[in-house]
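In: Build me a model from this:
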Amino acid sequence: MYRIRSYFHSVRGKLSLVAVICILIPAVLTMLIYNSLTREAVEQQAKENATDSMQLVNGSVKNLFQGMLNTANYFQANTDMKSSFIKMINTDQIDPYDKFMATNRIMQQLETLTYIGEKSYITIILTNGETFTNYSKDEMDPLRFQKEPWFENLKQLTGLQSYWVSTAPTMFPYDKISSPYQISVARTLRFDSTRIYGYVIVTMMENKISRILGSLTGSQEVLLVDGDGRILSSPRQEQINQTFQYRKQMLESDPQAASSIIKDENKKILLTTADLSFIDWHLVATEPYQDAIVNISSIFNRVFLFQVISFIIFLMLLLLLMRQLTKPLIRLGKVASSVQRGNLEVRSSVRGADEIGRLGFLFDQMLDRIKEMLAEVSLTQARKRKAELAMLQAQINPHFLFNVLNSIRMKVMRGGDQDSAKMIASLSKLLRMTISRDEDAIMLHEEIELLTHYVELMNLRQKEEARLVVDVEVTSFDIKVPRFILQPLVENALIHGLNQSAGMIRITAVRNEHFLELAVEDDGNGIDPDALLSLRERLTTAAIEPGQETGRTKTPGMSGIGVANVAERMRIMFGDAFQITVDSGKGTRIIMHIPIREEGRPHV
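Out: Alright, predicted model coming up:
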């Protein structure tokens, strides 16, 4: 997660994100607009496809039913057949030969009609009980039709009206296995517009219709339903005489539209209807909308997939190109991080004719210049440090003085003035340690020894003695420190802190891993707050102005070196690694944190 967040905070990550956004947003908008514009076209195409399929089925079913009607019309309109039927009605007025010939003509016509078109069962029932069929009467008694509940409705027919008998159990034994249901159409035979002399019934097996309904491929299901929504024919026999599932939607659909989209719970159904013009029956087709548009959707999906693949390929190519373009920037960033950690030897080696190549060249030039400047600064600081040390040491009397002092001490001792002799001896030792040594650093125990001689010398010139307490860890004695760093602090403690009166000055040293904590503390009057604030500010600066070494009045002689002078010397040697703090209340405590080399040597 951190690496991902860091990546998007980089220039490369931001460029990649912008590129993805600039490509993704137009692609998404294009797909949304395309989907919106094509949705209606897809629906319209699906409806047209469903309507075309329905027209094929509708034509076949109409032809089937029209054939049944034509058969019934034939017996009603054919004058020769009508004449034969009338003769059979008046059997008491016709001789047996004419009756035989009339019966023969009727049976010939029935036989001829049997072999024309789809196989159907033709039943003619005359009012006198005579019957004529194209099937064996031993198989099924044609007078059974008179017992059907719908038969009485035939008497209500007028003119050329037909009565369609909805799906009923098959009455013909040999067809029950292959087709459990049958559909019939009936007509009346009349002398004129009122008198009925017979009935013609044309029956067809339901499976002939169901085969047509099931001829469509795919998931489209076509049914034959009546005006009340009862299923008359279906490729699935268990549905026959059941109520059509979408009866309500069928009745509410727009009569001008052959196809419509309805909702069934969470899915959409494409409902297509077709009316049979000569009867109140309908052909209905249902198909899941998703299946209806599957071919069109597959085209859309292929287009979408092509766009997605093109987008991915283009995006990968773009990211690859941006990676190549931003590689010099990444290189520059890594070099900058390395420089930040202190490595000035690393170089970017980024070159080119563009802005990035120019930037890499200038960056490497800048590093070369910085390295040169650091070398110059180091050399200058070293020279400055030696010059300042030489100047500070030059403030003490010339080298030959301690030889003269030794001569004076011997003469004073011979005169019996022991205090003066002791004072001259301490001064001589002090001068010898400060003048005769060329090293910049000495051991801490040497610095403390020098300090004891200085305090002895100062006690001889004061009315009251100051007590020097040394509290130094044994491990700290062998640590090298810059020369002459404690004497100015002790001098200020004697003159300004104790005011040349009796008191205690404590020197403490503690070694903490890479630092030596060296402290000078007195139990004198302390520093007033304003002067303390001014001193602290002065100690934090990189240099001091002449005569501004402490918050107290400058004192001639050695005290002129001052606290600020010591702080400046230490900063010259150690830089920001050196720290000095001053605390004052009842007494004053100055603490110095001096860096130590790993082998125990200071950075001098």
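
In: Show the low-confidence segments of the stretch 301-450 of the chain, by residue range.
Out: When residues are selected by pLDDT under 70, those of the stretch 301-450 of the chain lie in 387-407, 409, 411, 419, 422, 426, 428-439.

In: got the residue ranges for the strands in it?
Out: Under the criterion DSSP state E, counting those that start in this stretch, the stretch 301-450 of the chain carries strands at the ranges 441-443.

In: State which helix of this structure is the longest.
Out: In the chain, taking DSSP state H as the definition, the longest helix is helix 11-77.

In: Helix or strand next in line after it, which one?
Out: helix 79-89 (DSSP states H and E).

In: Report the buried residues of that next one.
Out: By neighbour count on 16 or more other Cβ atoms under 10 Å, the buried set for helix 79-89 is 81-82, 84-89. All C-beta atoms are positioned from the backbone trio N, CA, C, and that covers glycine.

In: Going by distance to residue 383, which of those wins?
Out: Ranked by distance to residue 383 (Cβ to Cβ), the buried residues of helix 79-89 are led by residue 81 at 143.2 Å.

In: contacting residues for the closest residue to that closest one other than its chain neighbours?
Out: Nearest residue to residue 81 in three dimensions, chain neighbours excluded: residue 75, at 5.4 Å (Cβ to Cβ, 6 or more residues apart in numbering). By Cβ atoms under 8 Å, 6 or more residues apart in numbering, the contact list for residue 75 reads 81, 85, 109, 124, 187, 189, 200.

In: Among these, which lie within strands?
Out: Mapping these onto strands (DSSP state E) picks out 124, 187, 189, 200.

In: okay but residue 292 is in contact with residue 53, surely?
Out: No. If you go by Cβ atoms under 8 Å, residue 292 and residue 53 don't touch, sitting 10.0 Å apart.

In: Where does residue 584 sit: helix, strand or coil?
Out: Under the three-state scheme (DSSP: H, G, I helix; E, B strand; the rest coil), residue 584 adopts strand.

In: And residue 62, how far from residue 118?
Out: Going from residue 62 to residue 118 by Cβ to Cβ, to the nearest Å gives 13 Å.

In: brain fart, residue 455
Out: Counting by Cβ to Cβ, the gap from residue 455 to residue 118 is 140 Å.

In: Show me which of the two is the more surrounded one.
Out: residue 455 (21 against 12; other Cβ atoms under 10 Å).

In: what comes up buried for whichever strand or helix holds the more buried one?
Out: Element membership for residue 455 (DSSP H and E) is helix 444-461. Using 16+ other Cβ under 10 Å as the test for burial, helix 444-461 gives 444, 446-448, 450-459.

In: In the stretch 151-300 of the chain, where is pLDDT below threshold?
Out: Looking at the stretch 151-300 of the chain by pLDDT under 70, you get 193, 254-257, 294-297, 300.

In: what about 80?
Out: Within the stretch 151-300 of the chain, the segments meeting pLDDT under 80 span 159-160, 192-194, 216-219, 251-258, 264-266, 277-278, 289-300.

In: which residues in it form helices?
Out: Under the criterion DSSP state H, counting those that start in this stretch, the stretch 151-300 of the chain carries helices at the ranges 206-213, 247-252, 289-292, 294-340.

In: tell me the most buried of those?
Out: helix 206-213 (a mean of 20; mean count of other Cβ atoms under 10 Å).

In: orientation of it relative to helix 11-77 in degrees?
Out: Here helix 206-213 runs at an angle of 150 degrees relative to helix 11-77 (axes from the mean of the first three to the mean of the last three Cα atoms, to 10 degrees).

In: hmm, back to that, just the closest of the buried residues of helix 79-89 to residue 264, please.
Out: When the buried residues of helix 79-89 are ranked by distance to residue 264 (Cβ to Cβ), residue 81 comes first, at 51.0 Å.

In: how far away is that closest one from residue 259?
Out: Counting by Cβ to Cβ, the gap from residue 81 to residue 259 is 43 Å.

In: One more: residue 54?
Out: Distance of residue 54 to residue 259, computed by Cβ to Cβ: 8 Å.

In: Pull up the overlap in contacts between these two.
Out: Common contact partners of residue 54 and residue 259 (Cβ under 8 Å, 6+ apart): 272-273.

In: one step back: would you convert the contacts of residue 75 into TSV that also reports distance to residue 367?
Out: Below are those laid out as TSV (distance: Cβ to Cβ, whole Å):
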residue	distance to residue 367
81	119
85	123
109	117
124	117
187	112
189	119
200	114
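
In: ChimeraX command to pick out the buried ones of those residues?
Out: Buried subset of these, written as a ChimeraX selection, criterion 16+ other Cβ under 10 Å:
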select :81,85,109,124,187,189,200
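
In: Can you show me the strands along the stretch 151-300 of the chain?
Out: 163-169, 181-190, 196-205, 221-226, 231-233, 259-264, 267-275, 281-288.

In: of those, which approaches residue 582 most closely?
Out: Proximity to residue 582 (Cβ to Cβ) singles out strand 267-275 among the strands of the stretch 151-300 of the chain, at 86.9 Å.

In: Please enumerate residues in contact with the closest one?
Out: For strand 267-275, using Cβ under 8 Å, 6+ apart, the contacting residues are 46-47, 50-51, 53-55, 57-58, 246, 249-250, 253, 258-263, 281-290, 292.

In: From the residues you listed, keep the buried residues only.
Out: Buried members of the contacts of strand 267-275, scored by 16+ other Cβ under 10 Å, are 46-47, 50-51, 53-54, 57-58, 246, 249-250, 253, 258-260, 262, 281-289, 292.

In: distance between the ends of stretch 72-88?
Out: From its first residue to its last, stretch 72-88 covers 19 Å (Cα to Cα, to the nearest Å).

In: Show me the shaky parts of the stretch 1-150 of the chain.
Out: For the stretch 1-150 of the chain, applying pLDDT under 80 flags the ranges 1-24, 26-28, 30-46, 76-77, 86-87, 90-99, 112-118.

In: now the strands of the stretch 151-300 of the chain in CSV, with distance to residue 38?
Out: Shown next, in CSV, are these (distance: least, Cβ to Cβ, whole Å):
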stretch, distance to residue 38
strand 163-169, 42
strand 181-190, 43
strand 196-205, 44
strand 221-226, 27
strand 231-233, 35
strand 259-264, 16
strand 267-275, 16
strand 281-288, 19
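
In: roughly how far apart are residue 485 and residue 518?
Out: Residue 485 is 8 Å from residue 518, by Cβ to Cβ.

In: hey, what's in contact with both of the two?
Out: Joint contacts of residue 485 and residue 518 (Cβ under 8 Å, 6+ apart) are residue 592.

In: Neighbouring strands of the strand or helix carrying residue 595 in the sheet, and parallel or not?
Out: In this assignment (DSSP H and E), residue 595 forms part of strand 587-595. Neighbouring strands of strand 587-595 in its sheet, by DSSP bridges, are strand 515-522 (antiparallel), strand 579-585 (antiparallel).

In: That strand versus helix 444-461: what angle between them?
Out: 160 degrees.

In: where does strand 587-595 sit relative to the chain's centre, distance-wise?
Out: Offset of strand 587-595 from its chain centre (Cα atoms, centre = their mean, to the nearest Å): 57 Å.

In: So what touches that strand?
Out: With Cβ under 8 Å, 6+ apart as the criterion, strand 587-595 contacts 481, 485, 489, 493, 497, 514-527, 563, 570, 574, 577-583, 602-603.

In: in stretch 148-163, what counts as buried?
Out: In terms of neighbour count (16+ other Cβ under 10 Å), stretch 148-163 has its buried residues at 148, 151, 154, 157, 162-163.
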